[in-house]
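>>> requesting a structural model of the entry that follows:
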Amino acid sequence: MGTLRDLQYALQEKIEELRQRDTLIDELELELDQKDELIQRLQNELDKYRSVLRPATAQQVQAQQQNLVLQPDHHRSKRQAISAEPTACDISDLSHVTLPFYPKSPQSKEMIKEAILDNDFMKNLELSQIQEVVDCMYPVDYGKDACIIEEGDVGSLVYVMEGEEMLVM
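The predicted model follows:
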């Protein structure tokens, strides 16, 4: 009978060992899921920054591949924005325009910048242009259940939601 007790005791030890391993596996799977989420978030951030930096670096790589060196006396023309609708204004008329500035907390500025970098249309703006957009945005309060914009509407404003507050440009 001593061997039966020994076998039962050994079986109990193995069962406990398996439970501990299962617990360890569960903990490691949870940690792996958290790290996967972190990797995904960091990859999204990296994609945002690459989308901003890519236009300049792509030109540099292309110039290096063609062994072209830009001379200091050769001025590159700056790209101009393309509008979906033709405008009758002259671009030189805009040189004296001063954009409005609305003070914001550093958190609001960062939140707006992130929203711009998440936007497929605006993420390719130059960093100085992004800063101008951030500076020009201002808070607007809307009542509960107010309709701000509906899908399919033609819009001329950019909205960024900040908690209970709406920022508009």
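>>> where are the low-confidence patches of this protein?
Across the chain, the ranges flagged by pLDDT under 70 are 1-2, 51-95, 163-169.
>>> if I look at Gly152, how far off is Gly143?
With the distance defined as Cβ to Cβ, to the nearest Å, Gly152 ends up 23 Å from Gly143. To be clear about C-beta, it is placed using only N, CA and C from the backbone, and glycine gets the same treatment.
>>> then Glu151?
20 Å.
>>> ditto for Gln107
According to Cβ to Cβ, Gln107 and Gly143 sit 24 Å apart.
>>> Asp22 now?
Applying Cβ to Cβ to Asp22 and Gly143 gives a distance of 53 Å.
>>> which of those two has more neighbours?
Taking other Cβ atoms under 10 Å, Asp22 and Gly143 do not tie; Asp22 has more neighbours (10 against 5).
>>> just the element for that one, please.
helix 2-65 (DSSP states H and E).
>>> what does Val133 give?
helix 127-136.
>>> parallel or antiparallel, which strands does the helix or strand following that helix pair with?
Sequence-wise, the next helix or strand downstream of helix 127-136 (DSSP H and E) is strand 138-140. If you go by DSSP bridges, strand 138-140 pairs up with strand 165-168 (antiparallel).
>>> SS state for the nearest residue to Ile149 once chain neighbours are set aside?
Excluding the flanking residues, the one nearest Ile149 by Cβ to Cβ, 6 or more residues apart in numbering is Gly155, at 5.7 Å. Gly155 carries the three-state label coil when classified by DSSP: H, G, I helix; E, B strand; the rest coil.
>>> touching, Gly155 and Ile148? I think so.
No - counting by Cβ atoms under 8 Å, Gly155 stays clear of Ile148, with 9.7 Å between them.
>>> more neighbours: which of these two?
When neighbours are counted by other Cβ under 10 Å, Gly155 and Ile148 differ, and Ile148 comes out ahead with 13 against 10.
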